[in-house]
Each structure stands twice: as structure tokens, then as C-alpha cells.
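>>> pasting the sequence and the predicted coordinates here, then a few questions.
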Amino acid sequence: MPTQKVSTMRRDELAFALRQVVGERGVLSDETDLVPYGHDWRHMFKGRPCCVVLPHTTHEVAEVMRLCAAAGVPVVPHGGNTGLSGGATPDDSGHQVVLSLAKMNAIRNIDVIGETIEVEGGCILQTAQEAVDDKGLLLPITLAAEGSAQIGGIVSTNAGGTNVLRYGMARSRILGLEVVTSEGQIINGLRRLRKDNAGYDWKQWFIGSEGTLGIITAAVLQLTPKPRHRVTALLAVPSPAAALQVLCAARGAIGETLTGFELMSGSALELVTRHRQLKVPLDAAAWYVLLEASSSLPGLRDATESLLGDVLKKEMANDGVVAESQQQEADLWALRESITEAEGREGRSIKHDVSVPISSIPDFLRTADEAVMRTFPGTRINTFGHAGDGNLHYNVIVPASLDAAALNRLVHDVVVYFGGSISAEHGIGQYRVDELMRCRSPIELAIARRIKNALDPQNLLNPGKVLALR
């Protein structure tokens, strides 16, 4: 069916045309089949797709986009649905097509010498990690949802994780992209180059754009040698300022081997011990640091134990323990990774994924805590996060009746005051659009709208996400 005739199509006619492209089983339109695609992971946002399309190839994605563009039908890209901002959820109009790359999950190439992997957008992160593991290589993007998160979603949200401190955000791992535009054009930039300074680096426009500028169908990711040695330690510290002293000491003692540096409040781990029945192998403390180091060279454990002895002697930390086995490492990380679940069992919480300059963390926490407790008495603050890169999950446990928007504004105002960002790694999606419009400067928003208008003039790609087009 010619593309130019689709503009007058009804919903069932569009679904028929899409099936001519992707096959009968490549389009879901039954209401039961649509349910999993109509809500986000946290069930905060609910919508109703027109249909769900599951293409098998990049050329099919391009033809789907051409059909939808001609029909004026918006397209919502859908990955593993592990996002926390509602970025992959359609609205409730029943007029938006959800595009899932779940069937485009191939690993196209692994270059051991060049240390790269080329994967399709629907490939699960853990699948890619396992594919390079036995080759002595590491894909160092680590997420709690790596068993279901897809590469396309990871790239389009510029995902973070627990080892950003050493390996950077997803952006720093991306050498090349293959992208389908809103009009159905294919941009093949799957280069495996470490150095490419030939003009604009256009792939950066799509990384972190949350599917609002193009569909990421494949990516070339930079790998790194897999470390042979790892050390994990838990420290009890008296304050966030003391934690930063430990961070500086760790940088000086074990340098680039420092992989993770997590800060957790005593109240956060109290929730974990109460709701998950996990044990903290240290006496109760106001704050804890979970530290991980990894290296391919021997001597890491001795260096890390020497570091811990030094910070204890200088009273930067009150107590500490070093994992003696892989099981003990897993047990220590389980404390950190169980905080969100334990918080959910405690009751309603308002979450803030923010970042501030690392040196400002103590002042930010003190200022934000005072402001929240003064304005919203009776709430409880639950802070944890990736202090080594300035990213904090500043969550507040609140009564059911509390105005979430007012609390968001208060916390974000403190974040902006300290020169921070209202979204460190979770993205904007539809959850934080209004706050981004409020907190970003007019010129930054104007530039963003110019880019959006240039690459998606009909506003058909994930409308209502990231940017308010007013």
C-alpha cells in the first residue's frame, strides 16, 4: 500500500498497513496484548496504545516510521520498560503507536582487538555483557535492571549506574549509532573509531534524547578489559563530609581502580534490615559508604586494606569491613540494591534523582533536610546514591495526602541553588517535564526546541516527553 495514501487511514487501516511491513505477528492490537505497553515500570503512568509494532530489521523500522509520518500518527519507542520517568508510556488517547525493538536483539559483531561490540537496539544489556565476558572483556554499564533493560533504551536515556565513577555514563561508551529519523530515513553511523573529529558529532543529539529525536536501532559500544581482582568494603562514617574525606583518600591511595563509591544514610539501611531482613555487618551508624575497587593487577586487596586502616586511624570512618568472598561482596551490595524496595514497603515516597557538585554534597544535604523538615514536618528523608559522581537519590517518605509537586519544587530549588541537575540519571520522560521547563534557562530550552523542530517537525516522536513545545 503506497505510503502517501495512509494519511486518511483509520486505526484498523493503519494496523493493516503496518502488518504488510512487519508481518501478521509483528503488530499487536488486541486489548489484552496492549496492557504491558500501557504503563511504566512503577505504574505511575498509564496509557492506551493504538497498537504495538515489533519490527525485525532497521529497514522495517524505517518503513513503519514512514507510514506513521504520512498518517500523522505519533510513535512511542519502547525498550525494556525499566525507566523511572514514564518515558516509554503512551498517552491515553488510543492514537499513539508503540514501537518495540524487542525482536531486534542481535549481537552483530564483537571486535576483541578493537574492544568493541555492535548490538541491535533490542538486545538485553545482560546478554551483551555475557557475550563478551568469556573473551576477557567487560561492558561496564551496570544497572539493577540489566536483565531486562535494552541497549536502545539505555542509549536513548544515557543510563548511569553504580560504576559511573570509573567508566562514565552510557554516553562515554558509545562509538557509533544507527538511527531512524522521524521521516523514516536511516542514518548509519556505526563506526568503531576511538577518534573521529570530522565535523559535528551528530550521535550526541540522540543519546539521552529519550526517543524524541530518532529511533536508535543499533549501537557500537566500547568495551574494556575485564578486571581480574575486585575488593568490596563497607565503612561506617559519621557524616557526608567524612565520606568525602574517605573518597579523597581512596583516590590518592588506589586511584583509577576505584569503581564504585556509594553513600547510604543510616535510616536507609534501617529500612533494609527491617523490611528485607538483611544484616548490616557493622554497628548502627549515621552514614555508610560502600566502596568497590577493581584492577587487572595484583596487590589491590593489600592497597585497599591499607587505605581502610588509614581512614580509620584518622577517624574519617568509625568502623569497616572488607568482603572475604564473592558471597560477602554480594551481601554488601544487596544492602545498597535493596533500599528502593524497602522504601516502597515502608509507604509512599517522593523520589528525587538529583546531582550536585561532589564537594557540595554535605551542604546540599544539610540545606535540603532543613528546608524539607521545616516545610513538611512529619516526613522522613531517605538518602542514598552514587556520591562518587555527585548523584544522590534524595527520597522523602510522606503521608498519602502530601502535595508531591510542592515537595518536588522545594527540593529542586535547593538543587539549582547548588548548581545541580534535577535529573542525574533517570531522565525527564513525562514525569519531570514541568520541572525541567521551570529550572532550565530560557536559552537552553530555546536551543532544545530548535533541535526538536529540526529533527521531528511534526512532533511525532514520543510527544509530551522531555520537552514542552510551547
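Done, it's in. Numbering: from 1, shown residues only.
>>> show me the domain layout of this protein.
With domains defined by automatic domain parsing, the chain comprises 3-102, 107-225, 229-338, 347-427.
>>> quick one: the shortest one to chain centroid distance?
Taking Cα atoms, centre = their mean, to the nearest Å, one finds the center of domain 347-427 at 18 Å from the center of the full chain.
>>> go on, the first one?
The gap between where domain 3-102 is centred and where its chain is centred comes out at 23 Å by Cα atoms, centre = their mean.
>>> next up, phi/psi of residue 48, please.
phi -140, psi 110 (degrees, to the nearest 10).
>>> please apply the same query to residue 166.
According to degrees, to the nearest 10, residue 166 has phi -100, psi -40.
>>> weakest of the domains of the chain in terms of mean pLDDT?
Note on these: lowest mean pLDDT is at domain 3-102, with a mean of 91.
>>> could you find the closest non-adjacent residue to the residue positioned nearest the centre of the chain?
Closest to where the C-alpha atoms of the chain average out (Cα atoms, centre = their mean) is residue 159, at 3.2 Å. Distances taken as Cβ to Cβ, 6 or more residues apart in numbering put residue 170 closest to residue 159, at 4.8 Å, once the chain neighbours are dropped. Placement of C-beta: from N, CA and C, glycine included.
>>> residues near the closest residue to residue 266 other than its chain neighbours, how many?
In space, and not counting its chain neighbours, residue 266 is closest to residue 286: 5.0 Å by Cβ to Cβ, 6+ apart. By the criterion of other Cβ atoms under 10 Å, residue 286 has 14 neighbours.
>>> pretty sure residue 286 contacts residue 238?
Yes: the pair residue 286 / residue 238 is scored as a contact, 6.0 Å apart, by Cβ atoms under 8 Å.
>>> which parts of stretch 74-94 are buried?
Buried residues in stretch 74-94, defined by neighbour count with 16 or more other Cβ atoms under 10 Å: 74-91.
>>> same deal with stretch 333-352?
333, 335-336, 338-340, 342-343, 349-352.
>>> among those residues, name the ones in helices.
Judged by DSSP state H, the subset of these located in helices is 333, 335-336, 339-340, 342-343.
>>> in CSV: these, plus distance to residue 256.
Shown next, in CSV, are those (distance: Cβ to Cβ, whole Å):
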residue, distance to residue 256
333, 21
335, 25
336, 22
339, 27
340, 29
342, 33
343, 33
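>>> among those, which pair sits farthest apart?
Pairwise distances among these were taken by Cβ to Cβ; the largest, 17.0 Å, belongs to 333 and 343.
>>> give the contact list for residue 420.
With contact set as Cβ atoms under 8 Å, 6 or more residues apart in numbering, residue 420 has these partners: 354-357, 360, 364, 390.
>>> cool, and residue 73?
By Cβ under 8 Å, 6+ apart, residue 73 lies in contact with 14, 50, 95-97, 460.
>>> so it versus residue 92, what's the distance?
The spacing between residue 73 and residue 92, counted by Cβ to Cβ, to the nearest Å, is 15 Å.
>>> please indicate which of the contacts of residue 73 are buried?
The neighbour count (16+ other Cβ under 10 Å) marks 14, 50, 95-97, 460 as buried among these.
>>> those in strands, which ones?
residue 97 (DSSP state E).
>>> ok, the buried ones among the contacts of residue 73 vs residue 377, which is closest?
Closest to residue 377 out of the buried ones among the contacts of residue 73 is residue 96 (41.9 Å), distances taken as Cβ to Cβ.
>>> excluding its backbone neighbours, what's nearest the closest one?
residue 90 (4.1 Å).
>>> check contacts around the one you found.
Applying Cβ under 8 Å, 6+ apart, the residues near residue 90 are 37-38, 47-49, 74, 76, 96, 98.
>>> follow-up on the earlier one: mind checking which of the domains of the chain is nearest residue 447?
The closest of the domains of the chain to residue 447 is domain 107-225. By Cβ to Cβ, the value is 11.3 Å.
>>> how far does the closest one sit from its chain's centre?
Counting by Cα atoms, centre = their mean, domain 107-225 comes out at 13 Å from the chain centroid.
>>> that one: end-to-end distance?
End-to-end distance of domain 107-225 (Cα to Cα, to the nearest Å): 19 Å.
>>> scan the contacts of residue 420 and report the most crowded one.
Counting by other Cβ under 10 Å, top hit in these: residue 354 with 26 neighbours.
>>> surely that one touches residue 408?
No: with contact defined as Cβ under 8 Å, residue 354 does not reach residue 408; the gap is 10.5 Å.
>>> wait, what's in contact with the closest residue to residue 230 other than its chain neighbours?
Closest residue to residue 230 apart from its sequence neighbours, by Cβ to Cβ, 6+ apart: residue 294 at 4.5 Å. Residue 294 is in contact with 166, 227, 229-231, 257, 259, 300, counting by Cβ under 8 Å, 6+ apart.
>>> which stretches in the stretch 251-400 of the chain count as strands?
Assigned by DSSP state E, counting those that start in this stretch, the strands in the stretch 251-400 of the chain fall at 258-265, 287-295, 319-322, 349-350, 353-355, 380-386, 391-397.
>>> C-alpha coordinates for the last one, PDB please?
It stands for strand 391-397. Taking Å, rounded to 0.1, in the frame of the first residue of the first chain, the C-alpha atoms of strand 391-397 are listed here in PDB:
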ATOM      1  CA  ASN A 391      24.400  11.700  42.100                       C
ATOM      2  CA  LEU A 392      22.000  11.300  45.100                       C
ATOM      3  CA  HIS A 393      18.600   9.700  45.400                       C
ATOM      4  CA  TYR A 394      17.000  12.200  47.700                       C
ATOM      5  CA  ASN A 395      13.800  10.400  48.600                       C
ATOM      6  CA  VAL A 396      11.200  11.600  51.200                       C
ATOM      7  CA  ILE A 397       8.700   9.200  52.900                       C
END
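>>> which is the next helix or strand following that strand?
Following strand 391-397 in sequence order, the next helix or strand is helix 404-417 (DSSP states H and E).
>>> can you pull the buried residues of the very next helix or strand once past that following helix?
Sequence-wise, the next helix or strand downstream of helix 404-417 (DSSP H and E) is helix 433-439. Buried residues in helix 433-439, counting neighbours by 16+ other Cβ under 10 Å, are found at 433, 435-436, 439.
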